[in-house]
Structures are given as C-alpha cells and as structure tokens.
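**Student:** Structure, please.
(one chain, ligands or ions: 1)
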Amino acid sequence: MTTTPTDGPERLPVATGRVTGRDLLARCRRYPGTALAAVLVALAASACGLVAPWTLGVLVDRIDDLPGGPAPGTGDAVAGVLPLVAVMAGAALAAGVLTWVGGVLIARLGERVLADLREDLMNRAVRIPPTTLERIGAGDLLTRTGDDVKLVAAAFTGLIPLVVAALFTLGLTLVGLGLLDWRLALAGATALPVYVLALRWYLPRAAARYAQARAAVSDRSQAMLGSLSGLPTVRAYGVHDEHLAAVRGGSERAFALSNGVFRMFSGWAGWMNRAECIGLAAVLVVGFLLVRADVVTVGATTAAALYFHRLFNPLALLMVTFDDVQEAGVALARLVGVTRMAAAAVPVDPATPVGGALELRELTHRYGDGPPVLNGISLTVAPGERVALVGASGAGKTTVAAIATGLVRATGGRVTVGGAPLDRIAPDDVARHIALVSQEVHVFAGTVRDNVALAVPAGTPVDDGRVEAALAAVGLAGWVATLPAGLDTVIGETAHPVSPAVAQQIALARVLLMDPPIVVLDEATAEAGSAGARDLEDAAQAVVRGRTALVVAHRLTQAAAADRIVVLDRGSIVEQGSHDELRGRGGRYADLWADWTGTR
Ligand SMILES: Nc1ncnc2c1ncn2[C@@H]1O[C@H](COP(=O)(O)OP(=O)(O)OP(=O)(O)O)[C@@H](O)[C@H]1O
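**Tutor:** Below is the predicted model of the structure:
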C-alpha cells in the first residue's frame, strides 16, 4: 500500500435545505396513493373546520332576517336554526374523524419514507470507505444512524401531522376570509405588523436562549453525575461542600435560564394576543361600518371575526413547534447528506483477488503525528492457514488487523489480498474477500435477519435458512428460539437489547453469511473461563474453519490452537512459531503464556 497523507478533520456531509426538501418530496412520490390520500384528507379536515364559522354567520343572518328582527325561541327561528346546527355538528364530527385519518395516513407515509431512507442510509453507511470513517470517527455516523433516525421517526408520527394540519388550516382560513369579503380580510391584516415585529423579536432570541437552557441542564446533569460517580473520592477528600456548591450553581443557572426562556415565551405570547386583539377589533369596526353602509351582512362580519380568531391557534402551534421542526429538519438533512455521499472510489486499475493468501509487506504506521506504532511488519498467511497475533497491550495487534482489512491505511508498506494489492481492489470486492470482526461490533436497530444479512450486497435475496444456519453455527440458535418473533424480532438499544457477547456472535454470523476466503478476528476480550468466553471461542472456531485466518489472540488459548503464532512487541515481530516451539524457546511468548496461565 502506498503512503497516504493524513487529511485534516473531515465530517460526514449534511444536505442543504433545498436538497433535503427535494429528497423528501421524491421519497413521498414513491407512494403516490398514500401521499395523495394524506393531503386530500388533511385538506378536507381543515375545510370541515371552516364550516362552523360560516354556518354561524348564516345563522346570525337568518335570525336577523326574521320578521320583527332577532327573536330567538319563536317557531320560525327554531326551524331555521336546527338544520344549521346539524350542519355544524356534522362538520365538527367529520373534522374530528378526518383529522385522525389524516394523521394516520401522514404517519404511515412517514414510516414508509423513513424505512426507505434508513435502508439507503445503511446501504451507503456500510460502503463508506474505511479510511474515510477512520478520519471522521464512527461517532458521527452512529449518531446519524441512531439519534437522528429516532428524531425524524418521532417527527413523522407526532409533529408532522400537527404541522401539516396547522398549515392547511391557516391557508384555508385565509382563503375563507378573503372569499367572505376582501375589506374584512384587509382589516384583519392590520394584525400583521405587530405579529411580524413580535416574531422578529422572539425568533433570534428564542433559539439562543433555548440552546443556553439546554446546555445548562446538561451541565447540571454532568455536575451531578460527576459527583455521584466520584462519590468515594469526594468522601475520601471531604470535598462534599465544593461538589454540592457546583451542583447548586449548575441548578441555579439552569433554573434562571429556564425561567428566562419562560418569561420570554410569555412576553411573546402577550404580543401575539395584542396582535389578535388589534386585528379582531379592526375586523369588527370595519364590519360595523360595512354593515351600516349595507355592503356586507352582520352574519358575514361574524364569520369573518371567527375566521380571524381561528388563525391564531395554528399560528401558535407553528411557533411553539418551530424549534422541534427545525431540529427534525436538521436531523433529516444529516441523513440525506449521508445517502447522497459519492460512492467509494473504484480504483482506476482494479485488480481481482483470487484465493485465500494474505501478505503484509514492510508495514509501517503512525497515527497522525504520533510516534511510529509499526516498524516494518512482514507476514505471509498461506491459504487456509490460521495465524495468531499475540503481544502485550499496545504492541500493535489491532493496528495490523485494521491495516490488513483496509480499515486503516498504513503510512508505509503493502497489503496483498488473494494476490491483488489491497488498494487496487474495488471496495465491495474487499468486503467479499476479507472480513474483519473488530472489538467494536455494533447491532443496528433492525430485525435479527437484517442485522445478520447486513453485509450482503443490496438486492441479493437472502434465504432465511442461510441466516438461521449462520446463527446456529455461532451458537445463537437457542437465543433466536427465545425471541418473541424469531428472525423478525427487532433488536437494538431501544427495542430488544442484546448482550455484548451476542452482538459479537451476530457479527461472526454476518461473516459466515458473507463467506469470505479470509477472516481477521480482533474480538473484544471476554473474561477467561466464563461461559461467554467459551461461546465466543466456539463461534470464532466456526468462522475460522476452512478459511485463511489472522486472529488477534486476546485469549492465549486462541493462540495455542493456531497453526502459527506471531509475537508482536512495540510494533515489531519478535518471535514466530507453534505454541510448543515458542514455549520451549523461553522467550516473549513463554512469558506471556506464563502470565496468562498464572504459572510464572
Ligand atoms: N486511533 C489511534 N490514534 C492514535 N494512536 C493509536 C490509535 N490506535 C492505537 N493507537 C496507538 O497505537 C499503538 C498500538 O495500538 P494497538 O491498538 O494496535 O495495540 P494492541 O496490541 O492491539 O493493543 P490492545 O491489545 O490493548 O488492543 C498504541 O500505542 C496505541 O496507543
């Protein structure tokens, strides 16, 4: 592998607002039936809400038109009122039902869009070149596949139906007001300047204050957690008062900021009320003048005033949820950003790996500007051979494993996989030919089936029998049998949490399904002698069988079973041979073995 300079800090891309909007629209268009039905039903629900004010206006006119003026209670009046009341009740009922149906349809559409987005995200995420991932750190990607997906999912089911309904209600009510009488609509518009001024005052301050309040709350939690987790030290040094003062200070700051946010919100709400009051007064005054001039009826003025009043609930909802909508929008932009990342560069002069040989030549490496951690490692693993890498912590074992699989680019040297230089193999071919099970295995939120079939290229059908066989081979048949929905059980932090050992066995099952000729195992250490360690060892055996294997032996029993043991010390190979040879030699391995077995 040739030398590659380490680039500066890099981040996963975030889509712009326009790209995110277009992406969302395009995804909704994939479900035209549901999308159209959701829009029509939400529109119908909002339209039903317009009926009551209009009917009240008609009612007022009817009563006004009765001979001798308004005289409620007479037979005529009752006969005129009842059908209108029935219309109002019907419209209210229809509005309720349609709002509910609209919400369900939007949520359903959202779930489908999110499922597609999540699939695209995972497809893209697993193809991010390891060297890119190493530079940006996996944290950003994990936040996107975890927290951001959760945030968008919650918005689709809770926030978006409310916001869509508010927008439709706002739009239709404005249209209704305009249709009633343009002069009354214009009178209502006098509220606009106050409203706009209040917004201009509130919006820039709100975002900053909310952020400060949130930061203060996390500081307070941090101070509390710090004191609680360090309780023995706090006790030992008698520094209770300092810690209590820090927690109290954090609480006071959080309280003051939350209070400030609340006061600001109340101030803004007060201005909203003033805007409403001014607009309503203007509608009534203009209505009075127009009625006196016989241009509009009392009923029309009543309906206009009610329509005007109706504008303020959706407006308030849009304002209150503004922050959350923005947050969900940012999360969506972060997800879309990843799905639109350019595919990993395919080498200009690609080479195809054939067979199971793995060769490392003169590997040197340093992380960033740090000291050298590998000093010219050369190692050939023959097809079907099982080589164990051992060495003290920090000797460089994980670095070798990561370089051999292309996860980390060595600063010097060459890796050849199946006879082809690693940097000339197309990324998908690398994954098919050499697999790494690292210490950081991750269970993605999804079904057991999807988690095991994760590495199988998209579009390749995966038979349940193969998934079950892979799970059985790594000792998880019994575990699957205990799951409520078998392979369909959704696992992951929020659904059905799995233990670290099971997560590792799932990672091993993934490799079995991929069936690469070469495997590199750098699993997390399990406590020696524990049932978990035995299960993991059996699972690793199943994966290694019939393949070329480079195993970072955190448990020396793994090394004892290998064809050859390579001992690393401070970035260099210091010994090689079989278990018996190396023990007999009385060198570095013999020392490690004595430490491991407690026979020194
Ligand atoms: N991402 C990194 N950035 C900077 N230094 C690193 C990084 N990863 C490892 N190192 C350093 O490189 C050296 C080799 O680490 P490596 O993890 O390869 O050793 P190891 O033999 O696998 O140790 P262990 O058994 O504890 O996992 C260590 O000094 C370590 O501190």
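
**Student:** Tell me where the stretch 51-200 of the chain has helices.
**Tutor:** 75-125, 130-136, 138-143, 149-154, 160-180, 182-188, 191-229 (DSSP state H, counting those that start in this stretch).

**Student:** so how far is the fourth one off the chain centroid?
**Tutor:** Helix 149-154 sits 6 Å away from the centroid of its parent chain (C-alpha atoms, centre = their mean, to the nearest Å).

**Student:** weakest of the helices of the stretch 51-200 of the chain by average pLDDT?
**Tutor:** Here the helices of the stretch 51-200 of the chain differ in mean pLDDT, and the lowest is helix 130-136 at a mean of 61.

**Student:** re the thing from before, ok, which of the helices of the stretch 51-200 of the chain comes nearest the ligand?
**Tutor:** For these, proximity to the ligand was assessed by C-beta to the nearest ligand atom; helix 130-136 is nearest, at 7.5 Å. To be clear about C-beta, it is placed using only N, CA and C from the backbone, and glycine gets the same treatment.

**Student:** The nearest residue to Leu318 once chain neighbours are set aside and Asp241, how far apart?
**Tutor:** Spatially, and ignoring its direct neighbours in sequence, Leu318 is nearest to Ala166 (5.4 Å; C-beta to C-beta, 6 or more residues apart in numbering). As judged by C-beta to C-beta, to the nearest Å, Ala166 and Asp241 stand 51 Å apart.

**Student:** Which of these two has more residues huddled nearby?
**Tutor:** Per other C-beta atoms under 10 Å, whichever of Ala166 and Asp241 has more neighbours is Ala166, with 19 against 9.

**Student:** thought the residue nearest to Leu318 was touching Val320?
**Tutor:** No: the pair Ala166 and Val320 does not pass the contact test of C-beta atoms under 8 Å, sitting 10.0 Å apart.

**Student:** export the helices of the stretch 51-200 of the chain to JSON lines and tack on distance to Ala485?
**Tutor:** Below are those laid out as JSON lines (distance: least, C-beta to C-beta, whole Å):
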{"stretch": "helix 75-125", "distance to Ala485": "17"}
{"stretch": "helix 130-136", "distance to Ala485": "32"}
{"stretch": "helix 138-143", "distance to Ala485": "25"}
{"stretch": "helix 149-154", "distance to Ala485": "20"}
{"stretch": "helix 160-180", "distance to Ala485": "28"}
{"stretch": "helix 182-188", "distance to Ala485": "55"}
{"stretch": "helix 191-229", "distance to Ala485": "36"}
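
**Student:** Which residue ranges make up the domains of this structure?
**Tutor:** In the domain annotation for the chain, the residue ranges read 13-180+324-343, 182-295, 358-597 (automatic domain parsing).

**Student:** so Pro347 is in which element?
**Tutor:** Under DSSP states H and E, no helix or strand contains Pro347.

**Student:** doesn't Arg424 make contact with it?
**Tutor:** Yes: with contact defined as C-beta under 8 Å, Pro347 reaches Arg424; the gap is 4.8 Å.

**Student:** Show me where the stretch 251-400 of the chain has its strands.
**Tutor:** Counting by DSSP state E, counting those that start in this stretch, the stretch 251-400 of the chain has strands at residues 358-366, 372-381, 386-391.

**Student:** Let me know which of the ones you listed is tucked in deepest.
**Tutor:** Comparing these by mean neighbour count (mean count of other C-beta atoms under 10 Å), strand 386-391 comes out on top with a mean of 24.

**Student:** I'd like to know which elements it is packed against.
**Tutor:** Here strand 386-391 touches helix 397-404, strand 548-552, helix 556-560, strand 564-569, helix 588-597, going by 3 or more C-beta pairs under 8 Å, 6 or more residues apart in numbering; DSSP states H and E.

**Student:** As TSV, the ones you listed with mean pLDDT and mean neighbour count would be great.
**Tutor:** Below are the helices and strands packed on strand 386-391 laid out as TSV (pLDDT from 0 to 100; neighbours: other C-beta atoms under 10 Å):
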stretch	mean pLDDT	mean neighbour count
helix 397-404	92	24
strand 548-552	94	25
helix 556-560	83	20
strand 564-569	95	22
helix 588-597	88	17
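
**Student:** Would you format the ones you listed as TSV with distance to Ala15 included?
**Tutor:** Below are the helices and strands packed on strand 386-391 laid out as TSV (distance: least, C-beta to C-beta, whole Å):
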stretch	distance to Ala15
helix 397-404	30
strand 548-552	38
helix 556-560	45
strand 564-569	43
helix 588-597	50
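
**Student:** Go through those and name the closest to the ligand.
**Tutor:** Nearest of the helices and strands packed on strand 386-391 (C-beta to the nearest ligand atom): helix 397-404, 3.2 Å.

**Student:** Please dump the domains of the chain into CSV; it should also carry distance to His309 for every row.
**Tutor:** Shown next, in CSV, are those (distance: least, C-beta to C-beta, whole Å):
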stretch, distance to His309
domain 13-180+324-343, 8
domain 182-295, 6
domain 358-597, 42
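
**Student:** I figured Thr173 was touching Leu306, is that so?
**Tutor:** No: with contacts counted by C-beta under 8 Å, Thr173 stays clear of Leu306, the gap being 9.6 Å.

**Student:** show me what contacts the residue nearest to Leu318?
**Tutor:** Contact analysis of Ala166 by C-beta atoms under 8 Å, 6 or more residues apart in numbering lists 313-315, 317-318.

**Student:** let's go with 7 Å and repeat that
**Tutor:** When contacts are counted by C-beta atoms under 7 Å, 6 or more residues apart in numbering, Ala166 touches 314, 317-318.

**Student:** do you know how far it is from Ala45?
**Tutor:** To Ala45, Ala166 is 11 Å away according to C-beta to C-beta.
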